[in-house]
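# what's the 3D shape of this:
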Amino acid sequence: MPTTPALVSALRELGERPAVVADGRAISGIGLLLGVSPPGGLPRALAQRVAEHATLPPSATRAAEQRLRYWAGVLGTPPIRHTVLHPVTDLAVDLALATLLAGGTVHCGDPDQHPDQQLAAVAASRSTHLSLPSALLWRLGRQPGLAAHDLAALRLVLHIGPEPRQEDVYAAVDALGAVLAHVRAPDSNAEAADRRLRADAESASAAAWKHGIGVTAEQVHAFGAHLDRAVLTTLLHTLQQAGVLTDPGRGHPEAELLATAMVTPAQRPRVSHWLDALARRGLITRQDGGAQGPVFRGGPGPGTAEVRQAWRPAVEAWDDGLGPAAALDRVRRGALRLPGLITGQEAPRAAATPVRWAAARGFLGAALGAMVRGTAEAHAGPVPLRVLELGAEDSETAVARALSAGPPRQHTEHHRAPDGGRYDLVVATAAATGRPEEVVPALVRRLAPGGRLLLLAPTAEQLDLLITGDVGGGIAHPAAQWRAALTAAGCPTVLTLPEDGHPMGLLGQRLFAARVN
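Predicted coordinates for the structure are as follows:
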């Protein structure tokens, strides 16, 4: 005697209560059985599967419902209000049908919606369960406005994707306060792309290895400490020569200080950054002066001989195999010109890159070239690989050299400026003053599906830029902030070269390799 499929019985049991909610519209259990088709990809797929399920032969029904019962067991005990934030796949449909089998309600989310809107929808539905791709989970967990959404009802999060990193899991648990369950999606295109990216990064590290021979973490730390002390001592001495910040009993509002030191309008932003750096490092003090702005105080400072002496240990550490002498000499010559520069007696010179980057250039150039080469060699599509290189100042760059060597050149288009299209590979250098949350999304938006981003970014403060660089100085953001920005912008996999802890990574610039789905 034929029996009624369990899913059909569950929908009858739901009756007129909501079974599926999509775009604010609720479809009841009876509505699904009657063939009502909600709008959207996942709701429509659910309606089609319900219709097919009711007509399956008994053997196929048993196999299908055994699978659904397994997922219902994973979901646990009612009540279940399950938001499915996953693209339409067989697994997503199974999870939704298992929810209906357990007497719950399916809320169909939009995986392409802005993360803040997705979180708002989960909070508004009082969802107890959430299913989504792993990469989207990491992105939601790092959303700045997460705490503003009431997710107290959330009990279980099913994330679907490749094997996760433990740090991502811990961060998501802390952020969402729910149990996380990982569902592996084997042999997916995304997983294969991850394997290729990791393999290319390993090859790039091997290609760049020789450029780090002989450089130790202790040497890099020592040079950095000596250089920063020499720079700060020079800045303070330059200002005190102008008759300010010498008396601890006298405070100087910033405007008065700049006027007394006869700083030209063009150089006032530079000197403002000097004051900020000196205050942050404790060489002067800064107090709130109300309407007149910050008030700075100094005291007896270094003499000319002491300033000269401060540069000596930095030179000795640098000359011990870190980088070319000319790079540090440029900073020292710039220090001598500071009194004339800020008063307009000395003409400004072209901004220079940080001196530490001269030591990192060989390693990063080799790694970047190898990553570009690997991307070009693996490209097998019917159309050329579209490469966009931003921020390059000359034609003979590491990117150009990598693309010009060997057969891949005929399969690539090397662009130096955007043409309005999307690119398979974007290579960019972030400015020292760029904020990760502003720089990264604009770059990611230029990527075609499956594209890669290679981003050179400053990860440590470079005080020598206060002498020879742009007026913005050397403020930078740690590698963790760049990785978080890349993840939040939709890059599920982010690798860093050199890896954390490598001596070359302490020089203040890193290469981030990321991809989009």
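
# Go ahead and report the secondary structure state at W482.
At W482 the chain is in helix, as set by DSSP: H, G, I helix; E, B strand; the rest coil.

# Same check on L130?
When classified by three-state DSSP, L130 comes out as strand.

# Check whether it really touches L119, as I assumed.
No - between L130 and L119 there is no contact under CB atoms under 8 Å: 10.1 Å. Yep, even glycine has a C-beta here, placed from its N, CA and C like the rest.

# out of the two, which sits in the more crowded spot?
L130 (29 against 20; other CB atoms under 10 Å).

# Name the residues linked to that one by a beta bridge.
Beta-bridge partners for L130, by DSSP bridges, are T83, V157.

# wait, what's in contact with it?
Taking CB atoms under 8 Å, 6 or more residues apart in numbering, we find L130 in contact with 82-83, 85, 122, 154, 156-158, 178.

# again, only using 10 Å
81-86, 107, 109, 118, 122, 136-137, 140, 151, 154-159, 176, 178, 180 (CB atoms under 10 Å, 6 or more residues apart in numbering).

# ok, now A261?
238-245, 252, 267-268, 271, 339, 342-343 are the contacts of A261 under CB under 10 Å, 6+ apart.

# Verify the contact between L453 and F512 for me.
Yes - with contact defined as CB atoms under 10 Å, L453 and F512 form a contacting pair (7.4 Å).

# hey, what's in contact with both of those two?
In contact with both L453 and F512: 428, 440, 486, 491, 494, using CB under 10 Å, 6+ apart.

# quick revisit: show me which of the contacts of A261 are buried.
Among the contacts of A261, those classed as buried by neighbour count (16 or more other CB atoms under 10 Å) are 238-240, 242, 244-245, 252, 267-268, 271, 339, 342.

# Any figure for the gap between P43 and A64?
19 Å (CB to CB, to the nearest Å).

# Ok, W138 next?
32 Å.

# out of those two, which sits in the more crowded spot?
More neighbours surround W138 than the other of W138 and A64, with 25 against 19 (other CB under 10 Å).

# Spit out the contact partners of the residue nearest to that one when sequence neighbours are not counted.
The shortest distance from W138 to any residue other than its chain neighbours is 5.0 Å, reached at D168 (CB to CB, 6 or more residues apart in numbering). Contacts for D168 (CB under 10 Å, 6+ apart) come out as 134-135, 137-138, 141-142, 159, 180, 487, 492.

# Retrieve the pLDDT associated with R62.
Note on R62: pLDDT of 78.

# hang on, isn't it packed against L56?
Yes - between R62 and L56 there is a contact under CB under 10 Å: 9.1 Å.

# hmm, back to that, which residues do L130 and L119 both contact?
140, 151, 176.

# how close does G451 sit to N189?
Taking CB to CB, one finds G451 at 13 Å from N189.

# neighbour-wise, which of these two wins?
When G451 is set against N189 and neighbours are counted by other CB under 10 Å, the residue ahead is G451, at 22 against 11.

# chain center to whatever helix or strand that one lives in: distance?
Here G451 sits within strand 447-458, counting by DSSP states H and E. Here strand 447-458 shows a centroid-to-chain-centroid distance of 10 Å under the convention CA atoms, centre = their mean, to the nearest Å.

# And for stretch 320-333?
Counting by CA atoms, centre = their mean, stretch 320-333 is centred 32 Å from the centre of its parent chain.
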